[in-house]
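Engineer: got a predicted structure plus its sequence, pasted below:
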Amino acid sequence: SDVKSVESFTDTEVRLYTDNGDLIIKGENFTPEGYNNENGDFSLKGRVCSLCFTTDKKHLPDNFISRLFR
């Protein structure tokens, strides 16, 4: 849940932009089950080997205040 957008999707890797940062899911035989843009629910089918959250700030707006606090 809380998925803002699906950045990329292959049968071995999914990259999602969430409220908490970027989520990278790695595994095998991924197939999309569904994505609801209204409530941010995303589901997939396959074997998940790893989940990795990154708090990269590339999705934040680039304005004076955001540059000040980098």
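Structural biologist: Now that the structure is in, tell me what you want to look at.

Engineer: what about Ile25, neighbour count?
Structural biologist: Residues within reach of Ile25, counting by other Cβ atoms under 10 Å, total 19. Where you see a C-beta, it was placed from the backbone N, CA and C, and this is true even at glycine.

Engineer: neighbouring contacts of the helix or strand hosting Val6?
Structural biologist: Using DSSP states H and E, Val6 maps to strand 3-9. The contact list for strand 3-9, computed with Cβ atoms under 8 Å, 6 or more residues apart in numbering, reads 14-19, 22-23, 30, 32, 35, 40-42, 59.

Engineer: which of the residues you listed are buried?
Structural biologist: Val14, Arg15, Leu16, Tyr17, Thr18, Asp22, Leu23, Phe30, Phe42 (16 or more other Cβ atoms under 10 Å).

Engineer: narrow those to those in strands?
Structural biologist: In this view, those that belong to strands under DSSP state E are Val14, Arg15, Leu16, Tyr17, Thr18, Asp22, Leu23, Phe30, Phe42.

Engineer: out of these, who's nearest Cys52?
Structural biologist: Leu23 (7.3 Å; Cβ to Cβ).

Engineer: is the closest one bridged to anything, and to what?
Structural biologist: Beta-bridge partners of Leu23, counted by DSSP bridges, are Leu16, Phe53.
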